[in-house]
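Student: What would the 3D arrangement of this be:
(one chain, ligands or ions: 1)
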Amino acid sequence: MIKTGAEYLEGLRDGRVIYIGGEKVEDVTTHPGFRNAARSYARIYDARFEDATRDALTYEEDGERFAAYYLKPRSRADLEHRTRCSTIIADLTYGMMGRSPDFIGGYITGVAMQPEIFDTDSFKFAKNVEAYWDFARRNDLFVSHAVTPPPGSRDAKYGGGRTMQPALQVVGEDDAGLYVSGMKMLATSAAFSDEVWIGNIQPLAEGHEAEAITACIPCNAPGLSLWSRKPFERYAVSEFDNPLAYRYDESDCIVVAERVHIPWERVFVHNDSHLSREIYFRTPAHTLSNHQSSVRYRAKIRLLIALARRITNLAGTDKIPAVQDELGHLAALYGQVSAMVDGQIQGHEELPGGLVNYNRHYMYAAIYFATQQYDHICAKVRELLGGGVLQMPADVSVMDNPETRATFEELWDMSSATALDRYKVMKLAWDILGTDFAGRHTQYERFYMGPAFVVRIHNGRECPWGEFDATLDGLLGSYDTGEVLNRGQEMDKLAATPKAAE
Ligand SMILES: Cc1cc2nc3c(=O)[nH]c(=O)nc-3n(C[C@H](O)[C@H](O)[C@H](O)COP(=O)(O)OP(=O)(O)OC[C@H]3O[C@@H](n4cnc5c(N)ncnc54)[C@H](O)[C@@H]3O)c2cc1C
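Tutor: From the prediction side, this is the model:
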């Protein structure tokens, strides 16, 4: 059953423990660091009840409606349905919320499409994976994830001397389940999610099997706390000055567990270092979730490029051929991203059991493009922006004082736009390019799938090298030494033949 925005917000008032530094957040739906972002997520939930978006955001099965990110794709049309769903969510948030519910919806659905790999000689967890997917869709869960170990796990003294190890691991077991303690990085949107998925996207070293635990934990589980980074929403001057930080700060939290109990039915991998990482790649999980990343990125750079064009229009530089050339360059990059989204559908893969997946190599290639080009796109927009934003008054209170307002409106007005309209565009541009919020986005786009070398490893793994070999071998096999020698001898003969009378 799908939830309304109000029901979703009510679910966040569940006693979860969130810290901002030493401050304990009592209620994310009212706290000044989180409340507007919570409402932005609620807006996504409400859109599922609106005529224009219901069919794209949901699917129906046996008379019941579920979020479309829980749809197991069986055809190209299903993949397109999932893409439309993520496009609407990304458009509602201008691509600012990377870990919206459709991201981990892709993980959960992806693992449930090939649950058999979770049955091993030691544990039979396939039924848990399938049951969790059904539980998540029936309860319309928003799940976030933390699958990166803390830097402390590289510490040479890692093995000893501490009462609690930094890397989250199993520390106990009983008939009902497992106990875990430690930290996981960096659960974006966890403050707003119902549950958090913990696991390992990086390889685990031998001897670290206790860290292999992969499971879902409710955000209000006893012993679990979420340690938030600085919430930018709290420091937004106003909605007019920082419209993006004010509405769309999705938050990032370190997950800290102190003897958190996980019932067996929520455990997907235990004590198996290899499998704990393989599940993302041997199932469609990583591809379904990160197709969403490409779709979201497209929405974000559309906003950035639209801003670039508007800025040049307001400044009157849009008629200059060199400026038009820059806009053409940005338009080409946008076209490439769009083509990469469509290509993942066009080149989709058939899976066992009548299921399909987006093209995983194209997905990783799109992510690599996105991570490498984000700084470049921002730099181009900054170039076109000039000193614009810094040539504006400090904040919108300039409009509250009649004296400053009169001068502002008289001197800052241009034929292209009023002073206030120019101010509005410049402040929005700065919110995506220059503020704390913007800096976090630059880091996010670079690291959400891990460092660049990790994204290259994914590309190398999924590249159809066999096809490359076939191309090369086709050419190499089309000639051999004998033929070359024969052809050479024939040329010699021809050269030796007397030419006909000219
Ligand atoms: C804003 C943001 C949100 C995120 N959200 C999530 C989330 O929701 N869930 C989640 O699980 N993760 C998330 N991540 C990703 C995650 O937390 C890590 O930041 C990411 O995996 C990189 O790990 P790290 O920070 O430990 O960097 P490191 O692994 O320490 O890498 C940092 C740099 O060190 C160098 N380096 C390290 N190892 C090597 C090597 N072997 N070879 C060459 N160079 C190397 C590279 O230059 C690399 O860029 C998020 C990250 C950011 C920035």
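Student: you'd agree Cys85 is in a helix?
Tutor: Yes - remark: Cys85 belongs to a helix, assigned using DSSP: H, G, I helix; E, B strand; the rest coil.
Student: and the residue of the stretch 251-400 of the chain found nearest the ligand, how many neighbours?
Tutor: The ligand sits closest to Asp252 of the stretch 251-400 of the chain, with a gap of 4.9 Å, by C-beta to the nearest ligand atom. Every residue, glycine included, has its C-beta placed from N, CA and C. For Asp252, the count of nearby residues is 25 (other C-beta atoms under 10 Å).
Student: Close to the ligand: what parts of this protein are there?
Tutor: Within the chain, the residues that sit near the ligand (C-beta under 6 Å from any ligand atom) are 99, 145-148, 151, 185-188, 252, 440, 443-444, 447-448, 450-451, 453.
Student: Buried among those residues? Need that as a selection in ChimeraX.
Tutor: Remark: buried members of those, expressed as a ChimeraX selection using 16 or more other C-beta atoms under 10 Å:
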select :99,145,146,147,148,185,186,187,188,252,440,444,448,450
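Student: So which of the residues of the chain next to the ligand belong to strands?
Tutor: Members of the residues of the chain next to the ligand lying in strands (criterion: DSSP state E): 145-146, 185-188, 252.
Student: Save those as JSON lines, and put in pLDDT too.
Tutor: Formatted as JSON lines, these follow (pLDDT from 0 to 100):
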{"residue": "His145", "pLDDT": "98"}
{"residue": "Ala146", "pLDDT": "98"}
{"residue": "Met185", "pLDDT": "94"}
{"residue": "Leu186", "pLDDT": "94"}
{"residue": "Ala187", "pLDDT": "98"}
{"residue": "Thr188", "pLDDT": "98"}
{"residue": "Asp252", "pLDDT": "98"}
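Student: Closest one to Gln344 out of these, please.
Tutor: His145 (20.9 Å; C-beta to C-beta).
Student: so who does the closest one touch?
Tutor: 99, 103-104, 107, 187, 196-199 (C-beta atoms under 8 Å, 6 or more residues apart in numbering).
Student: do you know how far it is from Leu275?
Tutor: Relative to Leu275, His145 is positioned 17 Å away (criterion: C-beta to C-beta, to the nearest Å).
Student: so how many other residues sit close to Gly110?
Tutor: Gly110, neighbours per other C-beta under 10 Å, totals 24.
Student: How is this structure divided into domains?
Tutor: Domains of the chain are assigned by automatic domain parsing as 5-282, 285-465.
Student: Can you say which of those domains is packed in most?
Tutor: Of those, the one with the most neighbours on average (mean count of other C-beta atoms under 10 Å) is domain 5-282, at a mean of 19.
Student: and that domain, how far from the chain's centre?
Tutor: Taking C-alpha atoms, centre = their mean, to the nearest Å, one finds the center of domain 5-282 at 12 Å from the center of the full chain.
Student: That domain: end-to-end distance?
Tutor: 35 Å (C-alpha to C-alpha, to the nearest Å).
Student: and what of stretch 444-452?
Tutor: 12 Å.
Student: now stretch 259-269
Tutor: Using C-alpha to C-alpha, the end-to-end distance of stretch 259-269 comes out at 18 Å.
Student: what does it contact?
Tutor: 111, 118, 123, 125, 128-129, 131-132, 171-172, 176-181, 199, 212-217, 221-224, 275-276, 279.
Student: any low-confidence regions in the stretch 351-500 of the chain?
Tutor: By pLDDT under 70, the low-scoring segments of the stretch 351-500 of the chain are 483-488, 491, 497-500.
Student: need the strands for it, in chain order.
Tutor: Taking DSSP state E, counting those that start in this stretch, the strands of the stretch 351-500 of the chain run over residues 356-357.
Student: So which residues of it form helices?
Tutor: 360-385, 402-411, 419-433, 436-447, 452-462, 465-476, 481-496 (DSSP state H, counting those that start in this stretch).
Student: if we can go back for a sec, report the contact partners of the residue of the stretch 251-400 of the chain closest to the ligand.
Tutor: Counting by C-beta under 8 Å, 6+ apart, Asp252 touches 186-188, 228-229, 440.
Student: Next secondary structure after the lengthiest helix in the chain?
Tutor: Determined from DSSP state H, the single longest helix within the chain is helix 285-315. Going down the chain from helix 285-315, the next helix or strand is helix 321-346, by DSSP states H and E.
Student: tell me how far that following helix is from the chain's mean position?
Tutor: How far helix 321-346 lies from its chain's middle: 20 Å, per C-alpha atoms, centre = their mean.
Student: For the helix or strand just after it, give me every contacting residue.
Tutor: Following helix 321-346 in sequence order, the next helix or strand is strand 349-350 (DSSP H and E). Strand 349-350 is contacted by residues 356-360 when judged by C-beta under 8 Å, 6+ apart.
Student: Let's see that with 7 Å instead.
Tutor: Applying C-beta atoms under 7 Å, 6 or more residues apart in numbering, the contact partners of strand 349-350 are 356-357, 359-360.
Student: cool, and stretch 378-393?
Tutor: Residues from elsewhere that reach stretch 378-393 (C-beta under 7 Å, 6+ apart): 304, 307-308, 311-312, 323, 326, 329-330, 408, 423, 426-427, 429-430, 433-434, 442.
Student: CA atoms only for it, dumped as CSV, please.
Tutor: Provided in CSV are the C-alpha atoms of stretch 378-393 (Å, rounded to 0.1, in the frame of the first residue of the first chain):
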residue,chain,number,x,y,z
CYS,A,378,30.2,23.7,-12.9
ALA,A,379,33.4,25.4,-14.0
LYS,A,380,31.9,26.4,-17.3
VAL,A,381,28.8,27.8,-15.6
ARG,A,382,31.0,29.7,-13.2
GLU,A,383,32.9,31.1,-16.1
LEU,A,384,29.7,32.5,-17.6
LEU,A,385,28.5,33.7,-14.2
GLY,A,386,31.5,36.1,-13.8
GLY,A,387,31.3,38.0,-10.5
GLY,A,388,27.5,38.2,-10.7
VAL,A,389,26.5,36.9,-7.4
LEU,A,390,29.1,38.9,-5.5
GLN,A,391,27.8,42.0,-7.1
MET,A,392,24.5,41.6,-5.3
PRO,A,393,23.5,42.8,-1.8
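Student: Tell me how far it lies from the chain's centre.
Tutor: The chain centroid and the centroid of stretch 378-393 are separated by 27 Å under C-alpha atoms, centre = their mean.
Student: so which helix or strand takes in Gln165?
Tutor: For Gln165, there is no helix or strand it lies in under DSSP H and E.
Student: Let me know the secondary structure of the closest residue to it other than its chain neighbours.
Tutor: The spatial neighbour of Gln165 that comes closest, neighbours along the chain excluded (C-beta to C-beta, 6 or more residues apart in numbering), is Gly182 at 5.5 Å. With three-state DSSP as the basis, Gly182 sits in strand.
Student: and the gap between Gly182 and Gln169?
Tutor: Distance, Gly182 to Gln169, by C-beta to C-beta: 5 Å.
Student: try Phe468
Tutor: 41 Å.
Student: Quick one: residues in contact with stretch 33-45.
Tutor: Stretch 33-45 has contacts (C-beta under 7 Å, 6+ apart) with 3-5, 8-9, 12, 20, 25, 28-29, 89, 92-93, 97, 100-101, 191-192, 231, 233-234, 246-251.
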